[in-house]
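J.: Pasting the sequence and the predicted coordinates here, then a few questions.
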Amino acid sequence: MDFVGSHILSVQQFERADIDRIFTVADMMEPFARRQRVTKVLDGAILGNMFFEPSTRTRVSFGCAFNLLGGEVRETTGIQNSALAKGESLYDTARVLSGYSDIIVMRHPESFSVAEFASASRVPVLNGGDGANEHPSQALLDLYTIRKEVKAAGKGIDNLRIAMIGDLKNGRTVHSLCKLLSLYKNLSITMVAPEELQMQEDVVEMLRTAGHHVYITDKLEESISRVDIAYSTRIQEERFASKEEADRYRGRFRLNQSIYTQYCEPNTVIMHPLPRDSRMDANELDNDLNENPNLAIFRQADNGVNVRMALFAMILDVVDQVEQYARPVNWYTKR
Amino acid sequence: MDFVGSHILSVQQFERADIDRIFTVADMMEPFARRQRVTKVLDGAILGNMFFEPSTRTRVSFGCAFNLLGGEVRETTGIQNSALAKGESLYDTARVLSGYSDIIVMRHPESFSVAEFASASRVPVLNGGDGANEHPSQALLDLYTIRKEVKAAGKGIDNLRIAMIGDLKNGRTVHSLCKLLSLYKNLSITMVAPEELQMQEDVVEMLRTAGHHVYITDKLEESISRVDIAYSTRIQEERFASKEEADRYRGRFRLNQSIYTQYCEPNTVIMHPLPRDSRMDANELDNDLNENPNLAIFRQADNGVNVRMALFAMILDVVDQVEQYARPVNWYTKR
Amino acid sequence: MDFVGSHILSVQQFERADIDRIFTVADMMEPFARRQRVTKVLDGAILGNMFFEPSTRTRVSFGCAFNLLGGEVRETTGIQNSALAKGESLYDTARVLSGYSDIIVMRHPESFSVAEFASASRVPVLNGGDGANEHPSQALLDLYTIRKEVKAAGKGIDNLRIAMIGDLKNGRTVHSLCKLLSLYKNLSITMVAPEELQMQEDVVEMLRTAGHHVYITDKLEESISRVDIAYSTRIQEERFASKEEADRYRGRFRLNQSIYTQYCEPNTVIMHPLPRDSRMDANELDNDLNENPNLAIFRQADNGVNVRMALFAMILDVVDQVEQYARPVNWYTKR
């Protein structure tokens, strides 16, 4: 695809070559994301960071990524009460807000609302999450993390063995990740979930059609014993009829250091889209894993900055200029 | 008036020559507002964007205008619960906040609160809307849009024929616009409203004293048949005793493409202060007008950026330096 | 202490020499804080201004201080509902958010939460107020103000006579200030409060151990007749069982111009941590003092910018580079 001036609304827009290009640029962003160097390539540009549903980490990650390219951020948080309550259409909101910035990130509680917004916008729009539908930058940073973590072992994404664990029915991130994984070859994917929370049939079918091996199970220990990646997820309590119903599943698949030592291969990478539920009765990933060098969950969050910088730079067509506007960092950093 | 270091609290501050100067500078801002060029003339300056009442679009428009001049924006949204609840006076709030920035935009739910705030502020204050009282930058951008839209037809503001339509009693923007229009000559202004929502007598009287022809009616079609500008407004539901009472008037004056084609002269400009109410039962301006080139409502919102940039540049005395700090845009833009 | 890369969590971290160094740098920031000069020494750096409890003035003051050094600010206001409600630990929040910025200011409603957050953060953290516990930058700006105000009279902090007035039991700022004052010599400190709201024994003891003279009283007039500094505070209504109970003390110690003229020495400095309660029944510092040149309360707020700039510059190790990135201001300022 041609990224310049494009909206990013769904992972389904991408072919494998597009992913490769995003990840190449994301790698290039590393010294800037890690504060070894500064670039001002977007000095004077404005991001409209429009979060019509609250989300501290995604909002700050996007805003920070734009700042790291030298741009300014104008933002809104929470539902746009006034104008919507007064009967304004998404079309009008898009036409107005797109006059105020060079690019927009939009999060909205309703599925497909961001695509509707984008169709009326006069500037490129990135989907920052539209309800239960899509959150493409999250899927990209998950896949980027997988690629980065297995590289040391000389592996690529093809042929990997991945376990996805937890509430696979309601987890938006695993759905999007599976769509991206269907672009790769010969994966072994184990879906670890209680029967009622298993991955939907159509996602499993898509993966099998892509030539992958998919295993369905509700046993944690044996599933994580021969994988490269163990991707844990949270029980999506907000999607259950009641807290009590969610409680039936909470804490069902707990990974801790002693289970890891007993069952996992030495370099099995642990991932999680965050937030992880650290309350006693949930504890999907125990705090005793915090010192495990294969716990990649915070590197995953860090990688989100690289990926988002890459998307901004590609859409606004400044990839080739990043170096020209670069210089060393002149303040204290330690990473 | 001398703009340098001045507060902008009311449209009544301006004489016609002041308006001309603002519009000349607003024209000068066009390449910067439309992202053809970048200026950093206010690099290092800080705007305190203090919205003690939520307003996404006005807040973002002001913030973006300041960013486009190269300045930074610190902001607050929503009522300043804590300090006010603890008994702080507007005087104290103003003295403190004016130590933090070079210029302040303030919106506040109470009439005349911004003027009270400004009298204690140590930096210039722009009224971003004080309750039912004033919203001067909106009136300026409306008039600026009128001037710009009729220019192609070789017309100026003098001698124009304007229809104002809808809830003229409660609409703050039409009141302020009328005050500005009283500075011009020989206008024909038709007030189209249900009797109960007609323009107040004193505004009509002011316009007549200024030598304008004012017509009062509740018939839409004949009123828009010979005008240069049709300025539609929303039923200000929040000012009615109940939703039911507002419903009696909602949808009374609907303009759509077939009415436009049947009754309007070919180049009649359609304006609206936004948000327009696009719900079925309101629909002041039908979506089928969206492709009508004379629908100026989004250009109107865009023009707000130019006008706000002009006010900032004039108050902070950098109009003559804008070019000196300018350069071309180096990223993707398409407008 | 070595400021470079350090967290600032408590005033107890500082020795007297540390305070001197902060104040020397804060003095150096004066032309930048007062907009006579601009510096871009932190151009490209990002502050994470994380206010998990609302506070307009402290938040804006920190953000403005960072902007004045040339840096960008990403921020959050209000409790981080989503992630905390989903069971995320402060450890995880810190690990994630510290990947997004070069330094973090954090306010949080729970005592000691900021220290817990800091222990997991990968970047320096400044305590912007953690519940009833600490607010170190407020104590520093109070002491900085005292030093600055008495300088004209040829005095230093040692040997000063200070009256603290009001709700000394519940006022977080006076506690922290007393801790800092215990680093100095031979002070006379008069605690003016109703018996039930007097300063805690341990604070009094700490001051006496440091060699200071501490007087306990509930008489305002005689207490302020021979002091250099009269530091008034607000009844902390939110810490009382009911509004009615707070009302028993509200308005008990009112200072106004006629009392000042009658009892105070000519140059007695009036301070207050703000907000002052200006409601009729409270009125700790009457508005008729606003023209009194010794009313230092707004200079106090202004000084907060200098002190916060100093902390940022010292922690990020750019004190020696501020001049190198400096230039004159090119827009209108009047102070």
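T.: In hand now; what should we look at?
J.: Do a quick rundown of the strands in the stretch 51-200 of chain A.
T.: A:72-77, A:103-108, A:125-130, A:161-165, A:188-192 (DSSP state E, counting those that start in this stretch).
J.: Just put these in JSON lines and tack on mean neighbour count, distance to chain C and mean pLDDT.
T.: Just so you know, the C-beta spots here come from the backbone N, C-alpha and C atoms, and that holds for glycine as well. Shown next, in JSON lines, are these (neighbours: other CB atoms under 10 Å in any protein chain shown; distance: least, CB to the nearest CB, whole Å; pLDDT from 0 to 100):
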{"stretch": "strand A:72-77", "mean neighbour count": "23", "distance to chain C": "7", "mean pLDDT": "94"}
{"stretch": "strand A:103-108", "mean neighbour count": "27", "distance to chain C": "12", "mean pLDDT": "96"}
{"stretch": "strand A:125-130", "mean neighbour count": "26", "distance to chain C": "11", "mean pLDDT": "96"}
{"stretch": "strand A:161-165", "mean neighbour count": "23", "distance to chain C": "17", "mean pLDDT": "98"}
{"stretch": "strand A:188-192", "mean neighbour count": "23", "distance to chain C": "20", "mean pLDDT": "98"}
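J.: among the ones you listed, which is nearest chain B?
T.: strand A:72-77 (4.5 Å; CB to the nearest CB).
J.: Any idea how far that closest one is from the middle of the chain?
T.: How far strand A:72-77 lies from its chain's middle: 20 Å, per CA atoms, centre = their mean, to the nearest Å.
J.: so what does that strand touch, helix or strand wise?
T.: strand A:46-51, helix A:56-68, helix B:56-68, strand B:72-77, strand C:72-77 (3 or more CB pairs under 8 Å, 6 or more residues apart in numbering or on different chains; DSSP states H and E).
J.: B:P124: which of the ones you listed is closest?
T.: helix B:56-68 (12.6 Å; CB to CB).
J.: what mean pLDDT would you report for that closest one?
T.: The average pLDDT for helix B:56-68 rounds to 96.
J.: Just checking that helix against chain C, any contact.
T.: No - between helix B:56-68 and chain C, judged by CB under 8 Å from any CB of the partner chain, nothing touches; the nearest distance is 11.3 Å.
J.: which one of the helices and strands packed on strand A:72-77 lies closest to C:Q200?
T.: strand C:72-77 (31.7 Å).
J.: Do I have it right that A:M191 meets A:H212?
T.: No - the criterion here is CB atoms under 8 Å, and A:M191 misses it with A:H212 at 11.3 Å.
J.: quick check: domain ranges of chain A?
T.: Following automatic domain parsing, one gets these domains for chain A: A:11-134+A:303-328, A:137-298.
J.: before we move on, what SS does the residue of the stretch 1-150 of chain A found nearest chain C have?
T.: Closest contact between the stretch 1-150 of chain A and chain C, by CB to the nearest CB, is at A:V38 (3.5 Å). On the three-state scheme (DSSP: H, G, I helix; E, B strand; the rest coil), A:V38 is labelled strand.
J.: for the nearest residue to it once chain neighbours are set aside, what are its contacts?
T.: Spatially, and ignoring its direct neighbours in sequence, A:V38 is nearest to C:G44 (3.5 Å; CB to CB, 6 or more residues apart in numbering or on different chains). Listed by CB atoms under 8 Å, 6 or more residues apart in numbering or on different chains, the contact partners of C:G44 are A:38-40, A:68, A:70, A:329, C:71-72.
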